[in-house]
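Undergrad: just need the structure, nothing else, for what follows:
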Amino acid sequence: MCFHSFFLFFFFLLSLFSIPSPARAISFVAPIDKDNSTLLYSLTIYLKTPLQPTRLHLDLGASFTWVDCDTDYNSSTYQHIPCASPLCSSLGHNLSCSNCFKPPSPSCANDSCSLFPENSVTRKTAISTALTDSLALPTSDGSTQGPPILLPTYIFSCSPPSLLEGLANNVTGLAALGRSNYSLPAQVSNSFSVSRSFALCLPGSTSDPGVALIGSVGPYYFSSQKIDVSKSLVYTPLILNPVGSTVITYAGEPSDEYYINVTSINVNGKPIQINSSSLTVDENGFGGTKLSTATPYTVLETSIYNALTDAFENESSALNLTVTNAVKPFSVCYSAADIIITRVGPGVPTVDMVMQNDDVFWRVFGSNSMVRIAGEGGDVWCLGFVDGGVNPRTAVVIGGHQMEDNLLQFDLDSNRLGFTSSVLLKGTTCSNFNFP
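TA: Sure, this is the predicted structure:
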């Protein structure tokens with residue numbers, strides 16, 4: 001509460017003055033929280049005039065931010081985007097032009113450019129007015145939080161309150177981090193001439209925040225010892241899926257989601273037997289591997305899932321681990337009493353996602369591969385991967401749990417993903433960034 005109270009007052013003072021653009025290169029920072037109920041993540045930014053802390057669902061693949069404008073949206077600086085304006089045209093897709101038959105409000109105006117906000121968790125969408133309004137983010141040198149900077153014309157969409165269904169109860173919209181020119185990182189980059197890149201460190205805890213660092217490729221310092229986690233990054237190319245998978249798609253436009261070229265999967269260093277063609281994105285947009293914050297756990301096509309669980313059970317038996325009763329949605333569980341705990345979580349076989357060659361792999365340790373479930377039925381650790389069915393659109397969807405306490409750098413200038421594997425190996429966590 002101290003963080004939000006202090007910065008609410010600071011941002012209120014900031015909103016009373018005109019803030020010039022910075023003269024030197026900067027980056028920006030925002031806390032990431034994990035919801036205990038939905039296991040989804042939220043990002044806190046500052047929006048409106050006077051500036052207000054605004055918690056938004058963190059969507060790694062969304063094209064543009066949207067906010068519920070029907071519930072207590074009060075700002076003196078919001079502007080609708082006229083239908084015939086160059087800005088509306090630049091948003092593309094022959095957008096709908098809204099007319100309003102109610103009193104004017106942020107979500108209701110005549111001759112107003114409209115967008116199609118989408119909830120990627122429930123796969124629901126709507127048509128709503130597009131707006132610009134003031135947004136502010138604290139600056140950062142990679143080690144702590146500094147003074148905020150104002151972006152006076154941040155572009156986003158309104159949404160009906162119903163679009164919030166399925167998200168964490170305390171969010172009022174969605175923060176888009178996808179490859180679009182109108183995502184949060186893209187607009188920050190364009191406005192302040194900073195690197196078109198951002199880093200995410202999702203928290204493994206629901207009580208302490210992780211961090212998003214926007215506009216910088218490093219350094220990224222964690223803990224009082226100022227451990228620069230960027231030095232541990234390993235890189236793999238980002239892959240462009242030629243076909244979008246949103247509810248409303250447009251012919252000839254690629255996906256704004258982030259895909260990587262996983263070529264094989266190893267358990268304890270041994271490759272599992274899978275059809276490698278399913279790991280390649282085809283011309284229709286099917287197959288491949290993407291990263292998603294819309295799903296809590298990694299989802300695998302059925303044959304990949306079966307191969308992984310079989311191999312994991314076999315390797316676990318060498319550790320004298322015996323499978324016990326499964327707990328949905330998982331199928332491989334072990335008694336917690338039988339598993340030792342190491343500095344990288346439960347001592348179980350490692351899972352490697354191998355990229356462009358055998359030397360480039362994302363290692364998943366027990367802290368990211370296993371999920372603890374304790375209750376009246378017992379206390380177990382379960383393999384935290386989910387069966388996605390026989391013919392899913394994407395063969396491997398890397399979910400939030402597997403990304404927690406891993407630093408991920410999305411560098412669109414270089415078109416690559418940097419990843420560290422677990423930062424627990426460095427003696428730190430994603431919650432050790434120095435927020436006030």
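Undergrad: show me the chain divided up by domain.
TA: 2-216, 229-432 (automatic domain parsing).
Undergrad: now do the last one: distance from first to last residue.
TA: The stretch domain 229-432 measures 11 Å between its terminal residues, going by CA to CA, to the nearest Å.
Undergrad: who touches the nearest residue to Glu118 once chain neighbours are set aside in this structure?
TA: Leaving aside its sequence neighbours, Glu118 sits nearest to Thr125 (CB to CB, 6 or more residues apart in numbering; 4.3 Å). Using the backbone N, CA and C atoms, a C-beta is placed for each residue, glycine as well. Residues in contact with Thr125 (CB atoms under 8 Å, 6 or more residues apart in numbering) are Phe116, Pro117, Glu118, Asn119, Leu163, Thr246, Val247, Ile248.
Undergrad: quick one: which of these is most hemmed in?
TA: Pro117 (27 neighbours; other CB atoms under 10 Å).
Undergrad: any idea how far that residue lies from Tyr46?
TA: 20 Å (CB to CB, to the nearest Å).
Undergrad: redo the contacts of Thr125 as JSON lines? Include pLDDT.
TA: Below are the contacts of Thr125 laid out as JSON lines (pLDDT from 0 to 100):
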{"residue": "Phe116", "pLDDT": "92"}
{"residue": "Pro117", "pLDDT": "95"}
{"residue": "Glu118", "pLDDT": "96"}
{"residue": "Asn119", "pLDDT": "97"}
{"residue": "Leu163", "pLDDT": "97"}
{"residue": "Thr246", "pLDDT": "88"}
{"residue": "Val247", "pLDDT": "86"}
{"residue": "Ile248", "pLDDT": "82"}
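Undergrad: could you pull up the residues touching Tyr235?
TA: Here Tyr235 is in contact with Val360, Arg416, Leu417, Gly418 (CB under 8 Å, 6+ apart).
Undergrad: wait, I meant Ser195
TA: Ser27, Ser189, Gly215, Ser216, Val217, Asp411, Asp413.
Undergrad: picking that back up, mean pLDDT lowest where, among the domains of the chain?
TA: Mean pLDDT per stretch puts domain 2-216 lowest among those, at a mean of 88.
Undergrad: beta-bridge partners for the residue nearest to Ser369 when sequence neighbours are not counted, please?
TA: Computed as CB to CB, 6+ apart, the closest residue to Ser369 that is not its neighbour in sequence is Val351, at 5.4 Å. Beta-bridge partners recorded for Val351 (DSSP bridges): Val267, Val364.
Undergrad: measure Val351 to Ile149 for me?
TA: For Val351, the distance to Ile149 - CB to CB - is 40 Å.
Undergrad: what about Ser276, how many neighbours?
TA: When neighbours are defined as other CB under 10 Å, Ser276 has 10 of them.
Undergrad: should've said Leu131
TA: Leu131 - counted by other CB under 10 Å - has 27 other residues nearby.
Undergrad: quick check, it in a strand?
TA: Yes - applying DSSP: H, G, I helix; E, B strand; the rest coil, one finds Leu131 inside a strand.
Undergrad: dump the contacts of Thr125 to CSV, plus distance to Leu91.
TA: Listed next are the contacts of Thr125 as CSV, based on distance: CB to CB, whole Å:
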residue, distance to Leu91
Phe116, 11
Pro117, 12
Glu118, 15
Asn119, 19
Leu163, 19
Thr246, 15
Val247, 17
Ile248, 13
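Undergrad: so what's the nearest residue in space to Thr246 that is not next to it in sequence up against?
TA: Using CB to CB, 6+ apart and skipping the chain neighbours, the partner closest in space to Thr246 is Glu118 (5.7 Å). By CB under 8 Å, 6+ apart, the contact set of Glu118 is Ala62, Lys124, Thr125, Leu163, Thr246, Val247, Ile248.
Undergrad: could you tell me which of those residues belong to helices?
TA: Counting by DSSP state H, the contacts of Glu118 place none of their members in helices.
Undergrad: name the surrounding residues that touch the strand or helix carrying Pro53.
TA: Using DSSP states H and E, Pro53 falls within strand 52-59. Applying CB under 8 Å, 6+ apart, the contact partners of strand 52-59 are 4, 7-8, 11, 32-33, 40-48, 65, 67, 120-121, 167-168, 170-178, 200, 212, 293-294.
Undergrad: for it, what is the distance to the chain centroid?
TA: For strand 52-59, the distance from its own C-alpha centre to the chain's C-alpha centre is 12 Å (CA atoms, centre = their mean, to the nearest Å).
Undergrad: I'd assumed Pro106 was in contact with Ser76.
TA: No - here Ser76 does not reach Pro106: they are 11.4 Å apart, not a contact under CB atoms under 8 Å.
Undergrad: how many other residues sit next to the nearest residue to Leu424 once chain neighbours are set aside?
TA: Nearest non-adjacent residue to Leu424, counting by CB to CB, 6+ apart: Val344, 4.9 Å away. Using other CB under 10 Å, the number of residues around Val344 comes to 20.
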